[in-house]
Each structure stands twice: as structure tokens, then as C-alpha cells.
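Participant: Kindly return the folded structure for what I paste below:
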Amino acid sequence: MNGKIRAREVRVIGQDGSQVGVLTLPEALTMARQQGVDLVEIAATATPPVCRLVDFGKFRYEQAKREKESKKHQHSNKVKEIQLSPSIDPHDFGVKLAHAIDFLCDEMKVKVTLRFRGREMAHKEYGFQQVQRLIAEVAPYGHPDQPPKLIGKGITAMLSPLPRTKRAKNPRQEEEVADPAADSSSKQIDRAPAHSSPSKPSAPAQPSSPRVGTDSQPDFNQPFSNLEVPPAEEQNESTG
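Facilitator: Residues are numbered from 1 along each chain as shown. Model prediction:
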């Protein structure tokens, strides 16, 4: 680019893609400076080398943007694995099914594997039933490349996503779209002032009669600890 080009003469291509012609390197650099762009060598092996007038910073930005957009559509090359078992719990099966739908809606392939343990090999039909059940549930989102196969002590099946025009929408995304309305209504309910109930008058505290001893708990070793002691005036009258 610019001063790093070593050729004496270069074939110059304009910003609009038109052929400018063969120019000496100083002439090509002068033209690039006048237009406020860079002289970039795009074909070094040609005779003479081919250079183009382009804003290199903008060119790199647009190229990186195109690469980023192209990577978004390359999820089909990724493979996600989901493991099942012949005696899988219904709730666990639902979780695995939701993951498979998410992967297929993200343009990813799904590899379904089911492993037999111990005596489960004697009833392979239950394993095939679980795999076929998963395939039937994800039919609106993907299709199996081949029928499930028994390989060793397990069953494997590969699922590919359907085209976007034929694929159903992800139910989780539809729920996320519908959630904000419910959240706003719940917030309005939370903001409503709570009506405070009138407080009941508390009953007056009953005066406690003095008891012998300092502990509140009765002393079972002293049978007279629960006796009430009369006031001092009554004691004086009785003694007088």
C-alpha cells in the first residue's frame, strides 16, 4: 500500500472500477493523494502489478462487516449434541426437546445420541421409541438426515434445520415477545397503593403481681415460690 509498493509501473484502477491505465509509481501515488485515497496493490504477480485507488480504512471496515454477516449464516456447520436415555424423565425430555428446537432455529445441526446401560440392551425398542419421539416433536423445525441407527451400545441420529420459509417459529421467542405486556401490567399492579387495615387497639397490660424469687420460671424445688406476697400496708395492718 502506498510507499510500500516496489514496482516501477503499475496498472491503476479507479474508485469506480474503471481502468485508468499504466502509470509510473510516482504518478499513481500523486493521483491517490489528489483524490484523498490510498493506492493498494491487489495483484502483485501481474505484469505490471495491478493497484486500485481506494480508501483503505473504509475498505477494511466494509470487508470485516461482510465477513461478520456471512458468519451469521454459517451455523449449519456447527453440530450440537443431545443425549437421551431409554428411561428419561418426562421433564428432562422436555428440556432436551427445548434445547434441540433452539439449536435448529439457530441454523445448527443436532446430533441425538442414546446410550444403553447394562441390561437396557435387552430392550432396544424403548430406546428407538425415545429417539423417534424426539424426531416427531422437532418435525416443524428440522428433519433427520438418515433414520436412527444402532451403533455399538447406542443409537445416533443427525437432525438438520429446515429452510426458514418452511420452519416454524421458535416458541421461546414468541413468549419473549408476549412477556413485556404481562410485565407492564404486573408492574402497574405492584405500583397500586396498598390499603392499610385499621389497627386494632391493644389491650391494656395486666399488672403483674410480685412473686417470691427473682426468676420468672417457677422453681420446683421451692413449693412456695408461686405464692403471692400481699402489699406492705396489708402486712402492717395484720400485724398491728
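
Participant: Ile42 versus Ile151, what's the distance?
Facilitator: Using C-beta to C-beta, to the nearest Å, Ile151 is found at 50 Å from Ile42. Every C-beta, even on glycine, is put in place using the N, C-alpha and C of the backbone.

Participant: Neighbour count: the two, which is higher?
Facilitator: Just comparing Ile151 and Ile42: by other C-beta atoms under 10 Å the higher neighbour count belongs to Ile42, 12 against 9.

Participant: Run through the residues that contact that one.
Facilitator: Listed by C-beta atoms under 8 Å, 6 or more residues apart in numbering, the contact partners of Ile42 are Ile13, Val50, Cys51, Arg52.

Participant: who touches Arg146 in this structure?
Facilitator: Residue 146: Gln, not Arg. Gln146 neighbours (C-beta under 8 Å, 6+ apart): Ala157, Met158.

Participant: just the helices in this protein please.
Facilitator: Secondary structure of the chain (DSSP state H): helices at 25-35, 56-72, 90-105, 124-137, 171-191, 232-239.

Participant: quick one: Met1 and Leu39 touch, right?
Facilitator: Yes. The pair Met1 / Leu39 is scored as a contact, 6.8 Å apart, by C-beta atoms under 8 Å.

Participant: Neighbour count: those two, which is higher?
Facilitator: More neighbours surround Leu39 than the other of Met1 and Leu39, with 25 against 12 (other C-beta under 10 Å).

Participant: Quick check: pLDDT value at the more buried one.
Facilitator: Per-residue pLDDT puts Leu39 at 84.

Participant: Same check on Ala232?
Facilitator: 56.

Participant: Let me know how buried Phe59 is, in neighbour terms.
Facilitator: When neighbours are counted by other C-beta under 10 Å, Phe59 registers 14.

Participant: Quick one: residues contacting it.
Facilitator: Residues in contact with Phe59 (C-beta under 8 Å, 6+ apart) are Val40.

Participant: if I look at it, how far off is Asp38?
Facilitator: Taking C-beta to C-beta, one finds Phe59 at 8 Å from Asp38.

Participant: Next: Pro48.
Facilitator: According to C-beta to C-beta, Pro48 stands 18 Å off from Asp38.

Participant: Right, I'll call it a day here.
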